[in-house]
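J.: A structural model of the following input is requested.
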Amino acid sequence: MNVQSPRPRPRPGLPGATVGTIRQLTMKSLEGIRKKNHERLREMGKLGGMVPRLFLLVLSMSFPMLCSGRVASSGCNTEELQALVEFQASLGYPPWAGAQLHGNGTRCCLWEGVGCNRKGRVVKLDFPGRAYGEDSPDYYYYPTNSIKSTVAETLGSLLGLRCLNHLDLSGIECLQPCMIPDVVESMRQLQFLGLPNGVIGNLPRNIRNLTKLQVLVLPGWDLELVDSDIQWLSILVSLNRFDLRNARIPRPSDLGRVLSSLPRLSNLTLFFCGLDNSFLRHISSNFTLMSNLKHLDLSFNNFLGEIPDGFQNATALEFMDLSRNEFSSSVPMWFGNYRNLARLSLSDNSLKGIEGGLGWLLSSKKNLRYANLANNGLAGEILTNQSMLMSPSYGEDLKDLRILSLSANRLSGEIPGWLGGLPVLEYLDLSKNQFSGSIPSSLYSTPNLRLLNLNGNQLSGTISEALGQLSNLEYLDLSGNKLSGTVSEAHFWKLSQLSDLDLSDNHLTIKMDDSWTPPFQVRFLGMGLCSLGTQLPQWMRTQKLLYDLKLPNVSFSKQLPEWIGDMNLLYLNLSYSRIIGPVPDLPASLNELDISHSSLIGPLPESIGRMASLTNLYAYDNYLNGSIPSFLCKMKSLGMLDLSKNNLRGSIPDCWDTPDLVRMDFSFNNLSGPIPSSIKHLNGLLSLHLNNNHLSGEIPHGLSYCDLLLILDLGDNNLNGGIPTWMGGDTLPMLQVLRLTGNELSGHIPPMICSFQQVRLLDLSRNGLTGSIPPCFGLMSGFNLFDWSALASGSHFASQSPVGVIADDQREHVIQFMKGVNSDYSQIDLQLVTILDLSSNSLVGTLPKELCNLFGLRGLNVSHNHLNGSIPNRIGDMTSIESLDLSDNLLTGNIPASISALTSLDHLNLSRNNLSGEIPKGSQMQTLQDPSIYADNPLLCADFLQRKCHSTLPPGYSGLEDGNDRGDRLEQLLFYAVMALGFGCGFWGAVGSLVVNSKWRKAFFEFAARVTDWLTRPKH
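T.: Numbers count the residues shown, from 1 in each chain. The predicted model follows:
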């Protein structure tokens, strides 16, 4: 048995990627592949009609009555030999290349994958997939061959195998779309049917005629079971094994109902079929089905909540895999009833605990060989809190347990000694938990142990020399603990099988004699943060198979030896290690080199230019000087290039021709000159950091060819001109981070900026931009895309952040000003940040009320501009806002009362405006009573400002909808002012003349007296 190392290995060109990560990314990309396959199907209409007719011809000749014909004495007739030769010719890898494929003397019944009956007729073709990592929790099946021609030719080659009743091609992969034939009714003697890996389309309806069929294996790639496909399954009453993978089932409940009707079904695999709880309700409620099941694999589906109680009736189960779902209950007590269970996998769920404890779960299964509960929410001391664990018969109950994985939970307490008493234990993974105490001595006496992974815990104490007795140990990972003491030759005395060794991130002293020759040849060696002496130990030179050497945080007082260049390394990590003197020639075989944070002085080592397979180069945060060497432009395999935080000078070479480059980071150097035009050839670029240099000129049009860009950071340079009109969602549709801050850009903000629908961080601050803020900013949906509640729930199936791809790179980061400070957003933070920064420009006009539509925005900064008008009353709709800076503008009016609804707001700056009225009150506003927040707004009032408010109007009332209605109010005020002025002028024009001129006054009063007399005179 080969123990598969669980240590993730980076792949070239995929920074930070691991085998597990690549598998997850593959699963996530299935939907895209399925859509492409549907398009290819439509283009293959003619082939789709030809394949069924050809397959019908093949099968119509395969009747049982023909299987009694005369056979050559050699055991293989000419017709069957010819059929096998043609079948082999259609495959990518000839399975019988070493056999004699001509003449009557060929004994084809002895060939691999071929089975014959007693009369020498071929009745079996068996090409199943092969299990990878079968002896570890991280296992899966993969194809061993491929169809290099069309599926019609491959199936047509079977014409001569007339007695075939077992056909398993599930280990043969389709390189072209494999459509399942429409008609197979003539193959009625078939008992086992396994179709090629990667079939697409729908199931043929006439499989219902295969009434003898006992096994049906459908390892699809884009297989869809519609209602009609599901219904005919109930006719296959002899079916005892149904294996369906990578399929789409529109109505899972119908499939559950049909499968429940099959009386002999005992082996059921439904892997990655999008099933939900409606399917579980049907199968778990059928007592007959549950009682018959011996093999159940429902991994990679969408099951939620509790494990159905109906499963407790499946007492005959020998294999159970419910991994990679979202079960969130505890493991029920009745799991102890599975007495015959040999393999149990509940990994990658959200299980909270184990009823009865792990002891009850394991000890009740005397045939158990494999148990995997990794990546759940199991917590506490479930390994030690059961009295039954102390039973003398406990080791006998688990006498067959070979593999136990409890990694990535929250288990605590000490590692129990009984684990070392398991007689055949080979694989023990307790990594990424909270175990404390010392390593139990019993583990050093587990004779068959091949893998021991205790990394990422809180273990302390020393490592016993008894470790050297584990002669079968192949993989040892004790990294990330608090272990101390000295490790010497005695610790490795009998470890001749060791291939992976990691002691990193402890407080260990590695002390070996210079003449020591290790008994092992390791592939991976990690000793970061350990004390290795004054120079690289001589014994490492003997490791001829070593390809991955990790020595971060290791300092040497002597320079690296020249023999390091003779090692056949693929991965070398010397980060955070002080490297003395010049760097010698490094291995030309390297795929990844990390010499970051290593105090390197001088130019970049020239030996890097000879690394033809180099994919990742990290040399940031050193003291490198000189210019960027031009040989980097021609390194075709380069995928990651980070030379940031050095003293590099000169211009960026204009010779780039590295199509696989996905990340370039030259930030925080002293580079000058323009951005090179050859940047347009980097059309695979995802992330470009040129910030904090002295680059000049305009933003080049060549960047528009980099249409996969996710991050574009050109901030803090001397770039001039305007923001290009081509810069928008049409040219850079995937862009999510755009930083142009701290340059000399001028002109208006082009409306095309609003067409970015994925941008989550937009920083145009500290430029010379003029004009108004485009209202269309409120339509940029990227600021509202993230599902915060899904993230908080920790769901495996939560909505994916648009920057999820970026977060896979552990080194990706963006430095952004928010909440008054520069913050370094890296990894998961990039999935959370949503910021719009337009500060320190010369923008005018009002603050658009459309910005209030950005309910997902976390930071808004428009300070140090010339904005006028009032704050929009709908400011309270920006429910995610945490930082709001409107300072240093010309804003007027009251602070809207809705600002009190911003419960996430913890940084507010409204200073140096012309705001007035009472500051709103509320629970959140009570935390924002620092007078500096409202400084230089003399008309604002609040108790904490020591300015009393006398208005009877409620706080925050402005009498206006928005600052946009300010013009209407001015017109109204002007009308009343003119009316008052007219009245005053008319009144004082008449009355004033009487006061000043006595003659006019006398005449006026005489006239008034005569009029009075005339009005009061009696009428006759």
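J.: pLDDT on stretch 486-506, on average?
T.: On average, the pLDDT along stretch 486-506 is 97.
J.: start the count at 21 instead of 1 going forward.
T.: Okay, residue one is now 21; in that scheme the one you just asked about reads as stretch 506-526.
J.: now do the end-to-end distance for that stretch.
T.: In stretch 506-526, first residue to last residue: 11 Å (CA to CA, to the nearest Å).
J.: list the buried residues in it.
T.: 507-509, 511-513, 515, 517-526 (16 or more other CB atoms under 10 Å). (Glycine included, C-beta is placed from N, CA and C.)
J.: where does the stretch 21-170 of the chain have low pLDDT?
T.: Scanning the stretch 21-170 of the chain for pLDDT under 70 picks out the ranges 21-86, 88-95, 117-126, 151-162, 170.
J.: change it to 80
T.: 21-96, 112-127, 149-164, 167-170 (pLDDT under 80).
J.: let's see which of the buried residues of stretch 506-526 end up in strands.
T.: 507, 520-522 (DSSP state E).
J.: for those residues, could you give me TSV that also reports distance to residue 731?
T.: Shown next, in TSV, are these (distance: CB to CB, whole Å):
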residue	distance to residue 731
507	42
520	34
521	37
522	32
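J.: and the furthest pair within the residues you listed?
T.: Using CB to CB, those span at most 15.8 Å, a distance reached by 507 and 520.
J.: contact partners of the strand ranked longest in the chain?
T.: For the chain, the strand with the greatest residue count under DSSP E is strand 235-244. By CB atoms under 8 Å, 6 or more residues apart in numbering, the residues outside strand 235-244 that reach it are 50, 53-54, 57-58, 149, 161, 188, 190, 194, 211-223, 227, 256, 259-270.
J.: list only buried entries from those residues.
T.: Here, 16+ other CB under 10 Å leaves 54, 57, 149, 161, 188, 190, 194, 212-221, 223, 227, 256, 259-269 buried among the contacts of strand 235-244.
J.: and stretch 271-278, which residues are buried?
T.: Neighbour-count burial for stretch 271-278 [16+ other CB under 10 Å]: 272-278.
J.: need those residues in TSV with pLDDT, can you?
T.: Formatted as TSV, those follow (pLDDT from 0 to 100):
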residue	pLDDT
272	92
273	91
274	90
275	91
276	92
277	92
278	91
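J.: what's the closest of these to residue 380?
T.: Nearest to residue 380 among these: residue 276, at 29.9 Å, using CB to CB.
J.: and that closest one, helix, strand or coil?
T.: helix (DSSP: H, G, I helix; E, B strand; the rest coil).
J.: correct me, but it touches residue 305?
T.: No. With contact defined as CB atoms under 8 Å, residue 276 does not reach residue 305; the gap is 9.1 Å.
J.: tell me where the model's unsure across the stretch 871-1020 of the chain.
T.: Low-confidence segments of the stretch 871-1020 of the chain (pLDDT under 80): 970-1020.
J.: where exactly do the helices run in it?
T.: Here the stretch 871-1020 of the chain has its helices, by DSSP state H, counting those that start in this stretch, at 986-1016, 1018-1036.
J.: swap in the stretch 271-420 of the chain?
T.: Using DSSP H, counting those that start in this stretch, helices in the stretch 271-420 of the chain cover 272-279, 297-304, 307-312, 377-383, 414-417.
J.: need the ones you listed in CSV with distance to residue 935, can you?
T.: As requested, those are exported to CSV (distance: least, CB to CB, whole Å):
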stretch, distance to residue 935
helix 272-279, 58
helix 297-304, 54
helix 307-312, 70
helix 377-383, 63
helix 414-417, 73
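J.: which one of these lies closest to residue 938?
T.: So among those, helix 297-304 is nearest, using CB to CB, at 53.6 Å.
J.: tell me what that closest one is packed against?
T.: Contacts defined by 3 or more CB pairs under 8 Å, 6 or more residues apart in numbering; DSSP states H and E place helix 297-304 against helix 272-279, helix 307-312.
J.: if we go to 7 Å?
T.: helix 272-279 (3 or more CB pairs under 7 Å, 6 or more residues apart in numbering; DSSP states H and E).
J.: what comes into contact with stretch 391-401?
T.: 157, 364-374, 382, 421, 423-433, 449 (CB atoms under 7 Å, 6 or more residues apart in numbering).
J.: could I get it in PDB with only the CA atoms?
T.: Extracted C-alpha coordinates of stretch 391-401, given in PDB (Å, rounded to 0.1, in the frame of the first residue of the first chain):
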ATOM      1  CA  ALA A 391     -12.900   6.600   9.300                       C
ATOM      2  CA  ASN A 392     -12.800  10.100   8.000                       C
ATOM      3  CA  LEU A 393     -14.500  13.000   9.900                       C
ATOM      4  CA  ALA A 394     -12.100  15.700   8.800                       C
ATOM      5  CA  ASN A 395     -13.200  19.300   8.100                       C
ATOM      6  CA  ASN A 396     -16.200  19.600  10.400                       C
ATOM      7  CA  GLY A 397     -17.100  21.500  13.500                       C
ATOM      8  CA  LEU A 398     -16.300  18.800  16.000                       C
ATOM      9  CA  ALA A 399     -15.200  20.400  19.200                       C
ATOM     10  CA  GLY A 400     -14.100  19.500  22.700                       C
ATOM     11  CA  GLU A 401     -12.400  16.400  24.100                       C
END
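J.: do me a favour and average the pLDDT over it.
T.: Mean pLDDT, computed over stretch 391-401, is 91.
J.: buried ones in it?
T.: So for stretch 391-401, counting by 16+ other CB under 10 Å, buried means 391-396, 398, 400-401.
J.: with stretch 327-335 instead?
T.: Using 16+ other CB under 10 Å as the test for burial, stretch 327-335 gives 327-328, 330-334.
J.: between those residues, which is nearest residue 857?
T.: Nearest to residue 857 among those: residue 327, at 48.4 Å, using CB to CB.
J.: chain neighbours aside, what residue packs nearest to the closest one?
T.: residue 347 (5.5 Å; CB to CB, 6 or more residues apart in numbering).
J.: OK, contacts around the one you found?
T.: The contact partners of residue 347, by CB under 7 Å, 6+ apart, come to 323, 325, 327, 369-371.
J.: what's the most distant pair in the buried residues of stretch 327-335?
T.: 327 and 333 (12.8 Å).
J.: one step back: looking at the buried ones among the contacts of strand 235-244, which are in strands?
T.: In strands, judged by DSSP E, the following of these are found: 161, 188, 194, 212-214, 217-221, 261-268.
J.: strands of the stretch 521-670 of the chain, start to end?
T.: For the stretch 521-670 of the chain, the strands defined by DSSP state E, counting those that start in this stretch cover 527-530, 544-546, 568-570, 591-593, 612-614, 621-622, 636-638, 643-644, 660-662, 669-670.
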